[in-house]
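Student: Compute the structure for the input listed below.
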Amino acid sequence: MRIRGIGHRGYPAKYPENTKSSFQAAIDLNYTHIELDVHLSKDGIPVVMHDHKIDRMTNGKGEIREYTLKELRNFTINDMEVIPTLEEVLLIAKDRVTVSIELKNPKLYNNMEEIVCSVIEDTNMMDQVYIISFDQQALMRLRNISDKLEIGLLVNKFKRSHFRTIEKLGAKYIAVRYDGIKESYINKCEQKGIQLIVWTVNSMESMEYYNQFPSVLVTTDELEKYCSVSKIKLANDLEEVNA
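Tutor: Now for the predicted structure:
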């Protein structure tokens, strides 16, 4: 059974976040989506990491943009893995799972939007990814680069004005913190054909709440826990159909 949900940075509850092993684990659990974060190295290569510094995740220190890709490869995560490139992760995911790419701190980097789009095109993944960001100017630049690329707003709290922004950007997605949305907006997104994403849903209570709304895509760190909730819901739905 495919689990309609998003593995947040892969499967970080069991593997180091934003690593090949973490993404592979989410794919192996048959999730439909994975989410990752992108920065640029000193030589302009998109690399996958949440923070703009390598301090928390690796045995090195400093900002990603201070190092070339070759230099970044000298640092390890849990003494086992290296920081992956966006291209490497996309090739792992290709034809297997949809990828949500968050542009992190676009203002830190030159031509980030163009470079990321180029990698997506080169891997023939245009129809298997969408890009989200808190930076609406970056999203507008993406839209100007390509009218085919799927994009989405990333916000802490869903406001009425976001519907106008979504229309202006030609966006299909909006990703909202799990406690920042009214139920009426869930219904309005469904009516308008906007894919609503909630993040990051890790408690059983929140998982059960959002499972009431089949249109919502749930982002989670706790992939196996969410698998169990989804399977219970599926079993209950089948019982109702067969009753």
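Student: Contacts only, for the nearest residue to Lys14 once chain neighbours are set aside.
Tutor: Taking CB to CB, 6 or more residues apart in numbering as the measure, Lys14 lies nearest to Ala25, with 6.5 Å between them; neighbours along the chain are not counted. For glycine as for every other residue, the C-beta is placed from the backbone atoms N, C-alpha and C. Counting by CB atoms under 8 Å, 6 or more residues apart in numbering, Ala25 makes contact with Gly7, Gly10, Tyr11, Lys14, Tyr15, Leu223.
Student: Of those residues, grab the buried ones for PyMOL.
Tutor: Burial among those is assessed by 16 or more other CB atoms under 10 Å; the matching PyMOL selection reads:
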select buried, resi 7+10+11+15+223
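Student: just the contacts of Ala25 now: which is nearest Gln195?
Tutor: Relative to Gln195, the closest of the contacts of Ala25 is Gly7; by CB to CB it sits at 16.6 Å.
Student: who's in contact with the closest residue to that closest one other than its chain neighbours?
Tutor: The shortest distance from Gly7 to any residue other than its chain neighbours is 3.1 Å, reached at Ala26 (CB to CB, 6+ apart). Residues in contact with Ala26 (CB under 8 Å, 6+ apart) are Gly7, Gly10, Tyr11, Ile34, Val97, Leu223.
Student: Can you redo those as JSON lines, where the extra columns are secondary structure and pLDDT?
Tutor: Compiled in JSON lines, the contacts of Ala26 are given as follows (DSSP: H, G, I helix; E, B strand; the rest coil; pLDDT from 0 to 100):
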{"residue": "Gly7", "secondary structure": "strand", "pLDDT": "98"}
{"residue": "Gly10", "secondary structure": "coil", "pLDDT": "98"}
{"residue": "Tyr11", "secondary structure": "coil", "pLDDT": "98"}
{"residue": "Ile34", "secondary structure": "strand", "pLDDT": "98"}
{"residue": "Val97", "secondary structure": "coil", "pLDDT": "98"}
{"residue": "Leu223", "secondary structure": "helix", "pLDDT": "98"}
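Student: Quick one: neighbours of Asn111, just the number.
Tutor: A count of nearby residues for Asn111, using other CB atoms under 10 Å, gives 13.
Student: Isn't it up against Gly44?
Tutor: Yes. Asn111 lies in contact with Gly44 (CB atoms under 8 Å); the separation is 7.5 Å.
Student: From Ile45, how far out is Met112?
Tutor: Separation of Met112 from Ile45 (CB to CB, to the nearest Å): 11 Å.
Student: the more surrounded of the two?
Tutor: Here Met112 and Ile45 are compared on neighbour count by other CB under 10 Å; more neighbours surround Met112, at 24 against 18.
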